Each structure stands twice: as structure tokens, then as C-alpha cells.
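Make a model of this:
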Amino acid sequence: MRAPRQGFSSQDLLSSVVVFLVALPLCLGIAIASGVPPAMGLISGIIGGLVVGLLAGSPLQVSGPAAGLAVLVYEIVQTHGVKGLGLIVFLAGLLQIGAGLLKMGQWFRAMSPAVIYGMLAGIGVLIFGSQFHVMVDDAPRENGIRNLLAIPEALMKSMGPGTAHQTAALLGIVTIATLMAWNAFAPKRVRWVPGALVAVVLAAIVSAVTGANIRFVELPDSLFASVSPLSTGHLGLLTGPVLISVFTLAFVASAETLLSASAVDRMQDGPRTNYDRELVAQGVGNSIAGFLGALPITGVIVRSAANVNAGARSRYSAIMHGGWLLLFVIAFPGLLRMVPTSSLAAVLVYTGYRLVDPASLRRLAAYGTMPVVIYFVTLIMIVSTDLLTGIVAGFVLSAVQVLYRLTRFDIRVQQDETALHVHLDGTGTFMRLPKLLSTLESLPANLPVQVHVHLRYLDDAVMETLASWQKQRRMQGSEVEVQWDRVIGLYREGHKADEGRLRKFVQHEAPAAH
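Okay, the predicted model is just below:
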């Protein structure tokens, strides 16, 4: 692992080229997947490098348009239009700046792994479903379920001999096969070249040689012709649904960015991420991108990992990759127009497939059934409804799981030759009194009883109930013994008053207990 440093290094130059080569096809493909002109993805990539890279709190993280937001952006464009997208991205950026200034960066990391993996899997399924249709030169359907259900129809179209659908599908298959083969078998000395770039270039060459009659990337003669700045007229678009989209975009973009930054920290042994500064940097970048009518920006793990693995030592690598994007778009727009959209869609189909990571599900299963349930509920809700609903559903289930674990109160009754043994485990609070009283009152009166207390927490209500029941049972002539095997505290561990009350109870209220 290499530690980042502040000064420029020759390694940063090489790393910036590698990241540029990774980012170029992704910027184009993500824009197409988001339902906007490809130039908007390139503009966001340039801003992510030149602006966010300069201000970032994670020096080696690379920012730009992300596949994880493509689904959400597509929904926004379909509902509010491209103009509405610009306003939403701009306001989401302001929200991120405010959150960073209020030191809320750490809170965005408070996410259950089950929700995170479920969210990524849900996004992966949606990307796969929508981009499968683009890969065969067909239009994606209006929602995730219909995209998935229409895949057989897309397959039938791609089997029509001599049609544009078949040609596009074949180029998509070539792209995926090339990408996978390059990642698996490329010689070590050239493995630094991204497999996605190799696959897209090969598809472009094949389509040019064969004269394929398919769709290609459309770019204006000037990149700046695609810029549509916000104006005061856009304020009329502000509605309740727009504000909900603002909060959703800000939350999801921030969560993805900070999770990516956390992963980058694990890849290198240099300075850790300043999460609040990173959040402000992302907010500045999104404010500028929204003002120009471009795609939202996040920290992207694919580009960031390529940056670290290529040996980047400072933030200059991320900054320069934005400069290379700008230079290439200005100098060689004709080359980008030779790229088949089916090839870019194939790259995202493969990306969506990779996001549904079975290894993450196996890791969750090691922690029990509930994390797996949360994973699938999040995934299914995202695919069947929308991203925000799925995330909220995952959060609610996670909160229910925590609440259950905090309030769990188990009572087990066992009988041996000499006595009844009542085991109390978990958290003893007044909320569980009915269950406790029902169990204690149902015990046979003619047998000795030993109560084994293994509680993480014990409140006054349970203690008084045990004391009263113990006195009453002894008055009836039954033998009762309370064994305090473990009690962390009445209110909080180590509180002297609580310890004193417990000691008083054991010594005076229940003299036979020990």
C-alpha cells in the first residue's frame, strides 16, 4: 500500500491517464443509461476531476457520474425533465455543503451493511434490466419490473436475422466477452489498460469495418453547446415531489461517496478521509454540475480503485484525469461518435451483474437470518418501487432488528429432580412484566424454585416484581432462591446509586438471594 502525499509525483501522471481511460466510457454510458445526452456525463466527469478533486477530503478518491445514480436520475428525468434534473442536482449540492459544514459526514456512514448490499444489488438489477434493452438498440421500459419482464421480448428481437437489433446485440456480446477475457487473461505488463476501454474500442472498430447500421454516441460539435445553465425561471419547477427528489439524491450520493471513501482508506496507509470536507467538496461539484444542467457527481469506487492500484500519490491524479477528459472531448469528438451505444450499454450490463455480488450475501448470512431478510427486502422494494422506498424499508427493518435485540426478554423454565429453574435473559423492563408475571404465577406451588438472572439491564419494575413474588411465595411455604449470575446495572453500568439499590435488594428485600 502506498501513502498519499501532498506534492506532485510522476506516478500521479500515469495514474491520471489510467483513470481517464476508465472514466471515458463510463461517463458516456452512464449518461445514456440516465436518459440524457452523453455530453452531460462528460461535463460531470470533468467537474468531478477539476473541482471535486481539488477540494476533496479523500485525496485519492475519484469523483464523477456514477452507475449507482443512473437509475435515480432516469426516474427524475422521466418525471421532471432535464431542466428539473439540473435544479434537483443544484439543490442537492447545496444540501451536501450544508451537511458538511454541520459536521454530518460521519452520520452518512451509519448504514447497516445489509441495507448497503441490498441497495447495491437493487441498483445492479435495475441497471442490468434497463441497459439490456439499450444493448440490443431497443428503448428501456418505464420501470424496473417492466424492464425485467420485457427481457424475453428483447431477446426475440435480437434473433431477427439482419436487423439492427441483432447487430447491436452481437456487438454487446463481443464487448462483454472482451471485457471478461481481458480482466482474466491480459498480460501483466498491459493489465493497467482498463478492460472496458479495450472492449469499447474493439466494438467501435468492428462496427466501423462492417458498416453496422446501429446507434452511435451523439455529441455536439462543441461540448459547451450542451450546457443549459439554470435561470430564475427554473424556480417555478419547485414542488413537493421535486424537494423529495432533492433529499433522496443528496442522501444517496452522499452515502455512496462516503462509503467509497471508506473503501479507499482501506486500500492505502496514508491520511484518512476528512468526511465533512469530502461532503462539502461533493456539494460544490454537484452545485456546479446542477447549474450547468449536468449529471450528479459522487465518489466512484471503480475509478478510485484504479487510481490507487495505478500508484497515485496525491490528489493531482484525480485533478488531471478531469483535464484529460476536457482535452479529449475538445480535440477528438469525432472518435467518440464512432462508439456504438450498444457497446457502452454492454459495459453497464456487466457492471449491473457485478453489483449483485453473491459474496456479500454469504457474508451477511454468517450473521444470521435477519440481515439476509433486510438485504432481500431492500433489493425487492428498490426494484418494484423506487430507490428511496427501498432504502427506507431497509432502514426500518434494521431499526426493528435493533429494537428487538435491545428489548428481548427470554424466560426459560427447566425442571430437574430437586427444583424448578427459571432463567431470565436479555433486558428486563416494565414492558415485559406481563410475560414475567404470567410465567412466575404459573409455576407449581409445591416445588422449590431457583431464578437465574442473566440480564443486560434491569429496571425497578422488574426488581419490585421479583421481590414481591419472592416474598409471597415464601409466605406460602415454598422455597425460593434468586441467583444474580449477571446484572450490568439498573440504569447504566457502574452507577453507584444503582449498585447500592441492587445490593440493598439482595441483602434486605430478598435475604435468601446471593
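
hey, let's count contacts and neighbours off CA atoms from now on
Fine.

what about the strands in the chain?
Ranges of strands in the chain, per DSSP state E, are 63-64, 298-299, 409-415, 420-428, 449-458, 480-487.

what would the ones you listed look like in CSV with mean neighbour count, distance to residue 84 and mean pLDDT?
Supplementary listing: the strands of the chain in CSV, determined by neighbours: other Cα atoms under 10 Å; distance: least, Cα to Cα, whole Å; pLDDT from 0 to 100:
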stretch, mean neighbour count, distance to residue 84, mean pLDDT
strand 63-64, 32, 20, 96
strand 298-299, 32, 19, 94
strand 409-415, 14, 51, 91
strand 420-428, 20, 50, 89
strand 449-458, 21, 52, 85
strand 480-487, 17, 57, 74
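
So for residue 117, which of those sits nearest?
Distance to residue 117, taken as Cα to Cα, is lowest for strand 298-299 among the strands of the chain, at 17.1 Å.

Just list what the closest one packs against, helices and strands only.
Where contact means 3 or more Cα pairs under 8 Å, 6 or more residues apart in numbering; DSSP states H and E, strand 298-299 is packed against strand 63-64, helix 240-267.

and the last one, how far out from the chain's middle?
From the chain centre to the centre of helix 240-267 is a distance of 8 Å (Cα atoms, centre = their mean, to the nearest Å).

Check the model's average confidence along it for me.
Here helix 240-267 scores 88 as its mean pLDDT.

before we move on, back to that, so which of the strands of the chain is nearest residue 238?
strand 298-299 (23.5 Å).

That closest one: partners in the sheet, and parallel or antiparallel?
Sheet partners assigned to strand 298-299 using DSSP bridges are listed as strand 63-64 (antiparallel).

got a list of what the residue nearest to residue 112 when sequence neighbours are not counted touches?
Nearest-residue entry for residue 112: residue 398, 7.0 Å, with adjacent residues in sequence omitted and distances by Cα to Cα, 6 or more residues apart in numbering. Contacts of residue 398 were listed using Cα atoms under 8 Å, 6 or more residues apart in numbering, and they are 112, 115, 374.

Repeat that for residue 125.
Counting by Cα under 8 Å, 6+ apart, the residues that residue 125 touches are 352-353, 356, 383.

what do you get for residue 97?
Taking Cα under 8 Å, 6+ apart, we find residue 97 in contact with 279-284.

just residue 319 next, same as before
By Cα under 8 Å, 6+ apart, the contact list for residue 319 reads 16, 49-51, 53-54.

Now do it, the pLDDT please.
In this model, residue 319 is scored at 96, pLDDT.

again with residue 382
On the pLDDT scale, residue 382 gets 89.

Give the full set of residues in contact with it.
Listed by Cα under 8 Å, 6+ apart, the contact set of residue 382 reads 119, 122-123, 388-391.

again, only using 10 Å
Going by Cα atoms under 10 Å, 6 or more residues apart in numbering, residue 382 touches 118-123, 125-126, 144, 376, 388-394.

And residue 384, by the same measure?
Residue 384 neighbours (Cα under 10 Å, 6+ apart): 122, 126, 143-146, 390.

so which of the residues you listed would you say is closest to residue 204?
Of all these, residue 204 sits closest to residue 126, with 25.9 Å by Cα to Cα.

Quick check: the two most widely separated of the contacts of residue 125?
Every pair of those checked by Cα to Cα; the farthest is 353 and 383, at 14.3 Å.

Same drill for those two, tell me which one is more crowded.
Just comparing residue 353 and residue 383: by other Cα atoms under 10 Å the higher neighbour count belongs to residue 383, 24 against 18.

That one and residue 145, how far apart?
Distance, residue 383 to residue 145, by Cα to Cα, to the nearest Å: 7 Å.

so what sits against both of the two?
Shared contacts of residue 383 and residue 145 (Cα under 10 Å, 6+ apart): 125-126, 129.

picking that back up, narrow the contacts of residue 382 to those in helices?
118-123, 125-126, 144, 376, 388-394 (DSSP state H).

contacting residues around residue 40?
Shown in contact with residue 40 (Cα under 10 Å, 6+ apart): 27-28, 30-32, 34, 46, 65, 219, 223-224, 226-228, 289, 292-296.

What segments of the stretch 201-350 of the chain are helices?
Secondary structure of the stretch 201-350 of the chain (DSSP state H, counting those that start in this stretch): helices at 240-267, 275-291, 301-309, 316-331, 333-336, 341-355.

So which of these is nearest residue 405?
helix 240-267 (25.6 Å).

which of the residues in the closest one are buried?
By neighbour count with 16 or more other Cα atoms under 10 Å, helix 240-267 contains the buried residues 242-243, 245-262, 264-265, 267.

if we can go back for a sec, quick one, which of the contacts of residue 384 are buried?
The neighbour count (16+ other Cα under 10 Å) marks 122, 126, 143-145, 390 as buried among the contacts of residue 384.

Just give me the least confident of those.
Here the lowest pLDDT out of the buried ones among the contacts of residue 384 sits on residue 143, with 83.

what about residue 106, how many neighbours?
Residue 106 is flanked by 14 other residues according to other Cα under 10 Å.

give the contact list for it.
Here residue 106 is in contact with 100, 255, 258, 274-276, 279 (Cα under 10 Å, 6+ apart).

Sort out which one of the contacts of residue 398 lies nearest residue 79 for me.
Distance to residue 79, by Cα to Cα, is smallest for residue 115 among the contacts of residue 398, at 25.9 Å.

That closest one and residue 122, how far apart?
10 Å.

so where's the protein shaky on pLDDT?
With pLDDT under 70 as the threshold, the chain has low-confidence stretches at 1-8, 109, 485-514.

which helix of it spans the most residues?
helix 67-101.

what's the angle between it and helix 240-267?
For helix 67-101 against helix 240-267, the angle by axes from the mean of the first three to the mean of the last three Cα atoms, to 10 degrees is 90 degrees.

List the buried residues in helix 67-101.
Buried, per 16+ other Cα under 10 Å, within helix 67-101: 67-77, 80, 82-100.

pretty sure residue 288 is touching residue 46, no?
No - Residue 288 is beyond contact range of residue 46, at 11.1 Å (criterion: Cα atoms under 10 Å).
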